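In: Generate a structure from the sequence data that follows.
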Amino acid sequence: MSVSLSVQSCSRCGHPAVLHQIYSGQHLCQSHLAKSIRKRVSKTLREQLNLPSDARDENGNPAVILVCISGGKDSAVLLDMLVKIVGSRRDVELICGCVDEGIEGYRSPSMECARELAEIHNLQFETITYPELGYERMDSVVKSMPLMAGNHKEARGMKPCSYCGVFRRQGLNALAERVGAKWMALGHNLDDTAQSVLMNLGKGEMERIIRLAPHTSMPIDGLPPRIVPLRWIPEREIHAYAIGAGLPIHHDDCPHAPGALRQKHRAYLAEMEASNPGTMHGLVHSMDAIRELWSTSDNPPASWKPGQATECDECGSPSSQPICQACTFKAWLSEVSG
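Out: Numbering: from 1, shown residues only. Sure thing, here's the model as predicted:
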């Protein structure tokens, strides 16, 4: 006896739906999913980008947006949306940037997807490696982690993502400086942002919530503001759009990611969202409310004030501490290398 499959119809046009938007109750076809995402991204860009009618500098050069791509679905959709929304403007130039962390069997194929995506849109593609920044390849860092944990109690229990995230931020900052970027666009989606809020709330690190992107209203001295146009788009919608649009994306997960705290929060939040649709939206709205309260406070925390940063005594990079985390990790690695 054969079993027939029932496909829901799009709530807006009646065509076969590709996704159920649980928090809204709507079923959307590929076309209306694309329109829904573009509408939300356009609204977010208007709030975060603050583009004047003519963004050229005094020499007539277009304003550069560094689009940070990795070969994954999020950054692929980020670039696709930016090209559609601002790509036709002559006063704005999109430049793609990708960091090669040095992860065998993972980064090379994903970088090829990133390169292909940039070529599809005929955009400049810039890369940088950890060794170029003065750090070891990530695979080598992972091998050195037990030794660093033996030397420094602060390193005990740390996961590879803790090191990689710090080094990767330095790489993106270096790329932004190389191309003269006025803004840096990141592919963080709704799930990513909600996870970050929950993780920092759980550790009582409210100041980290304030420092999360976007930085339009509270830029950090010495760095181009980071914008996150996908912050209201759930990961599953991004994935469905990327597949339907035929974007070149790398599907494998980083081999060093299992066990990371973010992965645990990801699973927990997915369960919460399934039973209480809108949970992730609520967390991000809470983040915005916290940032607003702290930005207008007459007595903000002494350790961090919006828009202010010191310089690292070692490398000169913007930092909230005398020695930035990247230089601290670099020193730990030098102790155990060779």
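In: Can you give the distance of stretch 63-74 from its chain's centre?
Out: Averaging C-alpha positions (C-alpha atoms, centre = their mean, to the nearest Å) puts stretch 63-74 9 Å from its chain's average.
In: Mind listing what's buried along it?
Out: Within stretch 63-74, the residues scored as buried using 16 or more other C-beta atoms under 10 Å are A63, V64, I65, L66, V67, C68, I69, S70, G71, G72, K73, D74. (Each C-beta comes from the backbone N, C-alpha and C, glycine too.)
In: correct me, but the third one touches R89?
Out: No: when contacts are counted by C-beta atoms under 8 Å, I65 is not listed as touching R89 (10.2 Å).
In: Just the buried residues of stretch 63-74: which are in strands?
Out: Counted as lying in strands by DSSP state E, out of the buried residues of stretch 63-74, are A63, V64, I65, L66, V67, C68.
In: Helices of the protein, residue ranges please.
Out: Listed from the start of the chain, the chain has helices (DSSP state H) covering 30-49, 73-86, 107-120, 130-133, 138-151, 160-179, 190-202, 206-211, 235-245, 261-275, 279-295, 325-336.
In: and those, which one is worst for confidence?
Out: When the helices of the chain are compared by mean pLDDT, helix 206-211 comes last with a mean of 85.
In: So for I65 and R89, which residues contact both of them?
Out: With contacts taken as C-beta atoms under 8 Å, 6 or more residues apart in numbering, not a single residue reaches both I65 and R89.
In: and the strand ranked longest in the chain with helix 160-179, angle?
Out: Ranked by residue count under DSSP E, the longest strand found in the chain is strand 92-100. Relative orientation of strand 92-100 versus helix 160-179 (axes from the mean of the first three to the mean of the last three C-alpha atoms, to 10 degrees): 140 degrees.
In: Neighbouring strands - and their directions - for strand 92-100?
Out: Paired neighbours of strand 92-100 in the sheet (DSSP bridges): strand 63-68 (parallel), strand 125-129 (parallel).
In: hmm, who's touching the first one?
Out: Translated: strand 63-68. Against strand 63-68 from outside (C-beta under 8 Å, 6+ apart): 51, 55-57, 75, 78-79, 82, 86, 91-99, 123, 172, 175-176, 179-187, 224.
In: Could you pick out the buried ones from those residues?
Out: Among the contacts of strand 63-68, those scoring as buried are 51, 55, 75, 78-79, 82, 86, 91-99, 123, 172, 175-176, 179, 181-187, 224 (criterion: 16+ other C-beta under 10 Å).
In: about what we covered before: export the helices of the chain to a markdown table and append columns for distance to Y23.
Out: As requested, these are exported to a markdown table (distance: least, C-beta to C-beta, whole Å):
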| stretch | distance to Y23 |
| --- | --- |
| helix 30-49 | 12 |
| helix 73-86 | 19 |
| helix 107-120 | 29 |
| helix 130-133 | 39 |
| helix 138-151 | 36 |
| helix 160-179 | 28 |
| helix 190-202 | 10 |
| helix 206-211 | 22 |
| helix 235-245 | 10 |
| helix 261-275 | 8 |
| helix 279-295 | 7 |
| helix 325-336 | 36 |
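In: Now do the contacts for the nearest residue to G244 once chain neighbours are set aside.
Out: Of all residues not flanking G244 in the chain, Q30 sits nearest, at 4.1 Å (C-beta to C-beta, 6 or more residues apart in numbering). By C-beta under 8 Å, 6+ apart, the contact list for Q30 reads V18, A240, Y241, G244.
In: In contact with the last one, which residues?
Out: Meaning G244. Counting by C-beta under 8 Å, 6+ apart, G244 touches V18, Q30, L33, A34.
In: number of nearby residues for the residue nearest to I290 when sequence neighbours are not counted?
Out: Nearest residue to I290 in three dimensions, chain neighbours excluded: I209, at 5.7 Å (C-beta to C-beta, 6+ apart). For I209, the neighbour count with other C-beta atoms under 10 Å is 19.
In: Starting from L283, give me the distance back to I209.
Out: Counting by C-beta to C-beta, to the nearest Å, the gap from I209 to L283 is 10 Å.
In: So for those two, which residues contact both of them?
Out: V197.
In: one step back: of all the helices of the chain, which lies closest to D252?
Out: Nearest to D252 among those is helix 107-120; the distance by C-beta to C-beta comes to 7.5 Å.
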